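[1] Let me see the structure of the following:
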Amino acid sequence: MNLIMIFFSLLIASISLLLYLKYKDIKTNPFKIKDKYISSTREFKIALDKSIDAMDYKISLSLSILEINNLDSLSRKHAESLRNLLKHYPKNVRKCTEFKGLKPLEVIELNKILKKPTLSPRTIKSIIQCMSTFCTWCVSHGYIKTNHFYKLPTLKPRAKDVRFDFNDEQLTSIFHMDDYTRFKFKHSYYYWIPLLLRLTGARLNELCQLWRKDIKLIDNIWCLVIHENHDGQRVKNMHSARIIPIHSALLERGFIEFVKSKNTNLLFDELKATDGYYSHNVSKWFARRRASLGLGKGLDAHSFRHTFSSELKRKEVSKAIVEELLGHSHNSISFDLYGKKFPPHKLLEVVELIDDSHLAHIKPFYN
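    Down below sits the predicted model:
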């Protein structure tokens, strides 16, 4: 009888120890905590699947470089060490056979010798930001006490990685490219997308994914409605969902008539999604046009958005209105959670400040 009691006591003790070790492993194992964070992000749809996959990769890479067994042992020195080591990590590592089968730290050490092109400061900053967001989540869930990646300084982007505004000469060049001077457009987006980019400040994919019903009359003002309510649509974050009143220069060139002439859901139905983005082919098309015009590195479709923002800033438009038009967070709880949206007529006053003189020669579009 005593032997049976001893056996059961040992069995219970063993099970308790295993459960404790399992709990401790889940509580401290960096990769298991990371998996819980990624699962939570997917469950609550905090970001798009593609963005979450990229986040998962960046955090996994960071944890592999740090080689720590307990996430709570992280320190500021670890964070600084990761940032410094990433300067030697090769870009497109999966395409380099020399690094096949090596651990991240081994890749870094080998690349110090091989000197293959490395990650850009912009990418390193993105990785550090991912780790900071992850660690903030870990703090709030009791896994660690401090986010040592918070406001960790990183290098400024290299000149070749920076996107620039278009100047007047470049805008004139774009809107005098052959498509407009010959007035021949293989696809309707050849005509409309550059105009929309110039006069709305919207992201390229936001425009390419528009449905016909996303152009609405709100308070008697024609507006673009940027959202992700229809199949295949996506926005960058919760602040990106917004309305943008349509500039009179677009109305004068027949934009509403073009919209009404469509009998498809997608406004630019010739565009097909690639990896979830409708902007793929447009981006490649504009890159070819950009090259033919001699527009160099740092000047691309996204430069229209920078130009839109800079122009309104020069005209001393309220920062809050510019952020709303661009779909940016105000970085203020008072504004982001409790602030009311600006009415369409107020937004339209600001949109109309965008100079359309570069478009004066462009005739209305007829489908």
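[2] Does Val107 touch Tyr89 like I think?
    Yes: counting by Cβ atoms under 8 Å, Val107 touches Tyr89, with 6.7 Å between them. C-beta coordinates here come from the backbone N, C-alpha and C atoms, glycine included.
[3] List the residues that contact the residue sitting nearest the centre point of the chain.
    Most central in the chain under Cα atoms, centre = their mean is Lys236, positioned 5.6 Å from the mean C-alpha point. The contact partners of Lys236, by Cβ atoms under 8 Å, 6 or more residues apart in numbering, come to 203, 327.
[4] if we can go back for a sec, who's more crowded, Val107 and Tyr89?
    Between Val107 and Tyr89, Val107 has the larger neighbour count (other Cβ atoms under 10 Å), namely 24 against 21.
[5] and that one, what are its phi and psi?
    Phi and psi for Val107, reported as degrees, to the nearest 10, are phi -60, psi -40.
[6] can you pull the contacts of it?
    Taking Cβ under 8 Å, 6+ apart, we find Val107 in contact with 89-90, 93, 99.
[7] those helices in the stretch 1-150 of the chain, which residues are they?
    Using DSSP state H, counting those that start in this stretch, the helices of the stretch 1-150 of the chain run over 2-28, 30-43, 49-66, 76-86, 104-114, 121-140.
[8] who are the neighbours of the third one, in terms of helices and strands?
    Yep, that's helix 49-66 we're talking about. Packing partners of helix 49-66 (3 or more Cβ pairs under 8 Å, 6 or more residues apart in numbering; DSSP states H and E): helix 30-43, helix 76-86, helix 104-114, helix 121-140.
[9] Go ahead and name everything in contact with it.
    Helix 49-66 is contacted by residues 30-31, 34, 37-38, 41-42, 46-47, 74, 78, 81-82, 85-86, 89, 103-105, 108, 126-127, 130-131, 133-134, 275-276 when judged by Cβ under 8 Å, 6+ apart.
[10] Just the buried subset of those residues, please.
    Neighbour counting by 16 or more other Cβ atoms under 10 Å classes 30, 34, 37-38, 41, 47, 74, 78, 82, 85-86, 89, 104, 108, 126-127, 130-131, 133-134 among those as buried.
[11] counting residues per strand, which one in this structure is longest?
    If you go by DSSP state E, the chain has its longest strand at strand 221-226.
[12] Would you give the sheet partners of that strand, along with the direction of each?
    Paired with strand 221-226 in the same sheet, following DSSP bridges, are strand 215-218 (antiparallel), strand 242-245 (antiparallel).
[13] Tell me which of those sits most buried.
    Mean neighbour count (mean count of other Cβ atoms under 10 Å) peaks for strand 242-245 among the strands paired with strand 221-226, with a mean of 23.
[14] In terms of helices and strands, where is Leu347?
    Per DSSP states H and E: Leu347 is located in helix 344-351.
[15] Name the residues of that helix that are buried.
    The neighbour-count check on helix 344-351 (16+ other Cβ under 10 Å) flags 344, 347-348, 350-351 as buried.
[16] Which of those residues sits closest to Leu155?
    Leu155 lies nearest to Val350 out of the buried residues of helix 344-351, by Cβ to Cβ, at 34.7 Å.
[17] Residue ranges in the stretch 251-367 of the chain under the pLDDT threshold?
    Applying pLDDT under 70 to the stretch 251-367 of the chain flags the ranges 330-340, 367.
[18] for it, what spans make up the helices?
    Counting by DSSP H, counting those that start in this stretch, the helices of the stretch 251-367 of the chain are 255-261, 280-292, 303-314, 319-326, 333, 344-351.
[19] Rebuild these as a markdown table, extending it with distance to Pro245.
    Shown next, in a markdown table, are those (distance: least, Cβ to Cβ, whole Å):
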| stretch | distance to Pro245 |
| --- | --- |
| helix 255-261 | 12 |
| helix 280-292 | 23 |
| helix 303-314 | 13 |
| helix 319-326 | 9 |
| helix 333 | 27 |
| helix 344-351 | 4 |
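[20] of all those, which lies closest to Arg203?
    Proximity to Arg203 (Cβ to Cβ) singles out helix 303-314 among the helices of the stretch 251-367 of the chain, at 6.6 Å.
[21] and for that closest one, what are the contacting residues?
    Defining contact as Cβ under 8 Å, 6+ apart, one finds that helix 303-314 is touched by 163-166, 171, 194, 197-198, 200-203, 321-322, 325-326, 350, 353-355.
[22] that older thread, could the strands paired with strand 221-226 go into CSV alongside mean pLDDT?
    Formatted as CSV, the strands paired with strand 221-226 follow (pLDDT from 0 to 100):
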stretch, mean pLDDT
strand 215-218, 97
strand 242-245, 96
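[23] mind putting the ones you listed in a markdown table, distance to Leu271 included?
    What follows is the strands paired with strand 221-226, written out as a markdown table (distance: least, Cβ to Cβ, whole Å):
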| stretch | distance to Leu271 |
| --- | --- |
| strand 215-218 | 16 |
| strand 242-245 | 19 |
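[24] on that earlier part again, and of the helices and strands packed on helix 49-66, who's closest to Gln209?
    Among the helices and strands packed on helix 49-66, helix 30-43 comes nearest to Gln209, with 21.7 Å by Cβ to Cβ.
[25] what about burial for the contacts of helix 303-314, which qualify?
    164-166, 171, 194, 197-198, 200-203, 321-322, 325-326, 350, 354.
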